[in-house]
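[1] Okay, here's the prediction I keep looking at, along with the sequence it came from:
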Amino acid sequence: MSLRKTLKPFAVTVAALFAAAPLAGFADDLPVTIGFAAPLTGANAGYGKDLQNGVQLALDEANAQKIHIGDKVAQFTLAAEDDQADPRIGVQAAQKLVDQHVAVVVGHFNSGTTIPASRVYESAGIPMIDPAATNPTIVNQGFANTFMVISTDAQNAGNAGIYAVDVTKAKRIAILDDRTAFGQGEADEFEKAVKAHGGTLVAHEFTSNQAVDFRTQLTKIKSTDADLLFFGGLDTQAASVAKQMKQLGLRAQLVGGGGVMDPEFIKLAGDAAEGTMAWEYGRPLASLPGGKDFSAKFKKRFGVDILSYAPFGYDAAWAAIKAMEAAKSTSPATYRPALKSISFDGVTGHIAFDSNGALKNAGSTLYQVKSGAWVPIVTKGGS
């Protein structure tokens, strides 16, 4: 027998072994799909993309760390859906994620979208970890699958109302909100806190989240001689409110809730922004142990600075990953108890949930525009 004939079967056997090796390695991997939903088009798309990037960064790091779930190495991928900040489309997006058999959902952004979407996830038995929407209804529905890594409006706007009465010493307080689940939720919680602390409310006016002219409402508020105006809504409208207050000579202190403290507000409001205050969820990122490192990693990975909520998206994703790792399973029924008892230090602070799924010991920070920049003034709660 020739040497060539002798070696040929050996070569075939070796080739077969090498061909099988990648398949064996792949068999040891566990594909895990993480769902995500937020507005990725429209007026809120910047926030949605910021959130998505925060979640993606967590998945990148988890994949690099080769997280074991049971005896397999998890390979995390992201399934993202655009809810367009529309409740009806949000429900459709939620159902699409359910149909993809995602292990968990991080989302949504708007309270008005998150509330109906949470019902879809609850029915499907899939945990939803909310990184941005803040209406207290989200965690007060008695759902087993709803969690929040951010303060509720009861916590954040409640702090704003207490501060307005007890520290700012405002004597005549007015409110303007955009009638969304978010803006109205903030306004209602602010009003409750003001009244509970003996403050005087002289006006509560309403607008819509599509409005650009607030002069009718602001003229009414001016007639009440208000010395503080709380606005429940987002940054672009708040900027118009600030400019029109200046044009009308309304000298009340403008205070915003979450969603106002954004560089876009300063750019749009111009010199009318100076002195504006805003209560934002959580503690200043730079003051947290891993904050500066996270900011640097985010900028290196995506080429842009953090807009607002990316750190909360990051912590929400890690909460799910750690729960799956602890439970050695990606099945919601199996890892849900581990998620309910999770306790770890995230980028935004300590992550642990109360019996309703709300963030324990949630904090919020008051910022003020000084010399054209947002400057932290005081933080209440948080760890």
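    Done, it's in.

[2] Low-confidence ranges, the chain, go.
    By pLDDT under 70, the low-scoring segments of the chain are 1-27, 382-383.

[3] where along it do the helices fall?
    Using DSSP state H, the helices found in the chain span residues 3-27, 45-65, 87-99, 111-124, 153-166, 181-196, 215-223, 235-248, 263-269, 291-302, 310-327, 332-340.

[4] Figure out how far stretch 126-146 is from the centre of its chain.
    Counting by Cα atoms, centre = their mean, to the nearest Å, stretch 126-146 is centred 12 Å from the centre of its parent chain.

[5] Give me the residues contacting stretch 341-349.
    Defining contact as Cβ atoms under 8 Å, 6 or more residues apart in numbering, one finds that stretch 341-349 is touched by 149-150, 282-283, 285, 288-291, 294, 311-312, 314-315, 318-319, 322-323, 326, 350-353, 363, 382-383. Yep, even glycine has a C-beta here, placed from its N, CA and C like the rest.

[6] Same question for that stretch: list its buried residues.
    Neighbour counts over stretch 341-349 (16 or more other Cβ atoms under 10 Å) mark 342, 346, 347, 348, 349 as buried.

[7] What is the neighbour count of residue 41?
    12 (other Cβ atoms under 10 Å).

[8] what do you get for residue 147?
    Residues near residue 147, counting by other Cβ under 10 Å: 30.

[9] go on, residue 261?
    Neighbour tally, residue 261, other Cβ under 10 Å: 25.

[10] any idea how far it lies from residue 215?
    24 Å (Cβ to Cβ, to the nearest Å).

[11] follow-up on the earlier one: for the buried residues of stretch 341-349, which two are the farthest from each other?
    342 and 347 (14.9 Å; Cβ to Cβ).

[12] okay if I get the buried residues of stretch 341-349 as a markdown table plus distance to residue 182?
    What follows is these, written out as a markdown table (distance: Cβ to Cβ, whole Å):
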| residue | distance to residue 182 |
| --- | --- |
| 342 | 26 |
| 346 | 23 |
| 347 | 23 |
| 348 | 19 |
| 349 | 22 |
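
[13] Tell me the one among the residues you listed nearest to residue 180.
    Nearest to residue 180 among these, counting by Cβ to Cβ, is residue 348 at 23.6 Å.

[14] who's in contact with the closest residue to residue 37 other than its chain neighbours?
    Among residues not flanking residue 37 along the chain, residue 107 sits closest, at 3.6 Å (Cβ to Cβ, 6 or more residues apart in numbering). Applying Cβ under 8 Å, 6+ apart, we find residue 107 in contact with 35, 36, 37, 38, 51, 83, 114, 117, 128, 130, 131.
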